[in-house]
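Asker: Let's see this in three dimensions:
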Amino acid sequence: MLGTPCSKWAKSWGFVFVATRLSTEAERQEAEKRSLCCCEYIGHDKQPFHILGCCCNCEDFDLVCTRLITCKRIESRNVDGMLIAFQDRLRLPWRGGAKRISPAALGPALIVPLMMGLAALNAKTAIVLMLALIGFVSWGLQLAERIATRTTFFLSWIVFSIIYMVVIFECEVPLLELLPEENYILLLLSFGALYSLYRTKQLAPLNLVTAQYGTTPKDELPGITEASSGEEQAEQQAQDTVLGIEDDDENDPGISSECAGLIQHAQPNICDICRKVTPRRAYHCAVCGSCVKRRSHHSYWLNCCIGERNYRWYLVALALSECALLLGANLTLTAVCHPFLVVRLLGIPLLLPDDCSEVFEDFELGISFIVAAYAMLISGYITCVLVRQLYLWYRGTTLHEFKRAPASNGGNRNRVWSNWRAILK
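Answerer: Numbering: from 1, shown residues only. As a prediction, this is how the structure comes out:
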């Protein structure tokens, strides 16, 4: 009986000691972070390091170099360790400590200007590099979709492409050939497109299904039974026929009472992968690792999913980007080539390029021409994406649903107004 109060006292003091020790350790780590200069960081071995010593104190790098010089076999674990050390030491000076830079995000910063500079040499080099660029990007997108991995490579490609195009347009293109109103309209469209892309990226986390819908396994949920094939077919038909369930069920005479009752008393949707109870028309994204509300597709160019909350901003960004790219390409080509007058609209002349055979005689004109061709190439890709999205919008479906069951979406052609109203609400 006497030992019980002592043991409780010792246990309570032990808890206090552990909590004090943890708080002291956290304060010490925080103090170390605050004491770092802009070029220092804490490495993967929990030791402070400087960005200038990127090749110092790397045993795997020394061993690989030694074996390479002595013509001995290099083990894969040494190569992996060397690459991990280099990736950890690839940093950017920042206040409070150097920030890590992803090699995938750094690649486009070198590829895009190198491609533009080489393409500006002559016409044959430009054609070869443009075709190689199309093949490389197509292969990269197919590889990313096949392995379903998150990457910042394509987002970085967009950022550096915009930076280089703006810099070359403002510095190399002879702006004396342009009207101030044309330059203002181009800047307005560009800022609008950038803001729409930013909003699309910012609202992407709101598409993810959070824990509020539950994560209980299917066999532990009370009252949940497997639906028969007839019920699943009727429910799928009701989903494909009706886009806005809350607004259109009562007023649509084409929906039978059986289907309406099935929609009202349907069993919860449970994801087979993440085991979450999800809302209707939510699908799992293997790249994001979560279910997405009204998922359209995963955009590797923005490194996020396009779904319920950011779909409208995504369409606006595509439209504004298309207008900005076409206008910028037209202004650049009419400035470096021999233009001809097409028509005057409200006193503003509409010009088109006529003869561009002399652009590669000067490097400044050549790089401006390549930027315009690059902008037209991107605008062609955006046109295909935008037309496809508008077509799916007209059909009242998403890209994910269209790929799953393209033949079952034919019943939405006569419900154009309800589909658009459901998306715009």
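Asker: give me the beta-bridge partners of Cys305?
Answerer: His298 (DSSP bridges).
Asker: measure it to Gln142 for me?
Answerer: As judged by Cβ to Cβ, to the nearest Å, Cys305 and Gln142 stand 19 Å apart. Every C-beta, even on glycine, is put in place using the N, C-alpha and C of the backbone.
Asker: So these two - more neighbours on which side?
Answerer: Ranked by neighbour count (other Cβ atoms under 10 Å), Cys305 and Gln142 place Cys305 first, with 26 against 10.
Asker: Next one, pLDDT for that one please.
Answerer: Listed pLDDT for Cys305 reads 93.
Asker: contacting residues for it?
Answerer: Ala204, Asn207, Leu208, Cys285, Val287, Cys288, Val292, Arg295, Ser296, His297, His298, Ser299 (Cβ atoms under 8 Å, 6 or more residues apart in numbering).
Asker: what separates the fourth one from Cys305, distance-wise?
Answerer: Cys285 sits at a distance of 5 Å from Cys305 (criterion: Cβ to Cβ).
Asker: cool, the fifth one as well?
Answerer: Per Cβ to Cβ, Val287 is found 8 Å from Cys305.
Asker: The second one now?
Answerer: With the distance defined as Cβ to Cβ, Asn207 ends up 6 Å from Cys305.
Asker: joint contacts of the two?
Answerer: Val292, Arg295.
Asker: how about the CA coordinates for the helix or strand harbouring Cys65, as CSV?
Answerer: Element membership for Cys65, per DSSP states H and E: helix 59-69. Only the C-alpha atoms of helix 59-69 are listed here, as CSV (Å, rounded to 0.1, in the frame of the first residue of the first chain):
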residue,chain,number,x,y,z
GLU,A,59,31.8,8.5,-49.6
ASP,A,60,29.7,7.0,-52.4
PHE,A,61,30.9,9.6,-54.8
ASP,A,62,34.5,9.0,-53.9
LEU,A,63,34.1,5.3,-54.2
VAL,A,64,32.4,5.5,-57.6
CYS,A,65,35.2,7.8,-58.9
THR,A,66,37.8,5.4,-57.5
ARG,A,67,36.3,2.3,-59.1
LEU,A,68,35.7,4.2,-62.4
ILE,A,69,39.4,5.2,-62.6
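Asker: for this protein, what are the low-confidence residue spans?
Answerer: 1-41, 43-58, 96, 98, 175-177, 211-268, 406-425 (pLDDT under 70).
Asker: ok, 50 please
Answerer: 1-3, 8-11, 13, 15-22, 31, 212-266, 407-411, 413-415 (pLDDT under 50).
Asker: which helices and strands does whichever strand or helix holds Tyr314 pack with?
Answerer: Element membership of Tyr314, judged by DSSP H and E, is helix 311-336. Contacts defined by 3 or more Cβ pairs under 8 Å, 6 or more residues apart in numbering; DSSP states H and E place helix 311-336 against helix 153-171, helix 180-203, strand 348-355, helix 363-395, helix 416-424.
Asker: got TSV for the contacts of Cys305, with distance to Ile84 and neighbour count too?
Answerer: Shown next, in TSV, are the contacts of Cys305 (distance: Cβ to Cβ, whole Å; neighbours: other Cβ atoms under 10 Å):
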residue	distance to Ile84	neighbour count
Ala204	29	23
Asn207	33	24
Leu208	30	19
Cys285	28	22
Val287	23	19
Cys288	25	20
Val292	32	27
Arg295	34	25
Ser296	36	24
His297	32	20
His298	27	23
Ser299	29	19
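Asker: between those residues, which is closest to Phe136?
Answerer: The closest of the contacts of Cys305 to Phe136 turns out to be Ser299 (Cβ to Cβ; 18.7 Å).
Asker: Which residue is the nearest non-sequential neighbour of the closest one?
Answerer: Ile306 (5.4 Å; Cβ to Cβ, 6 or more residues apart in numbering).
Asker: What separation is there between that neighbour and Thr397?
Answerer: From Ile306 across to Thr397, the span is 14 Å (Cβ to Cβ).
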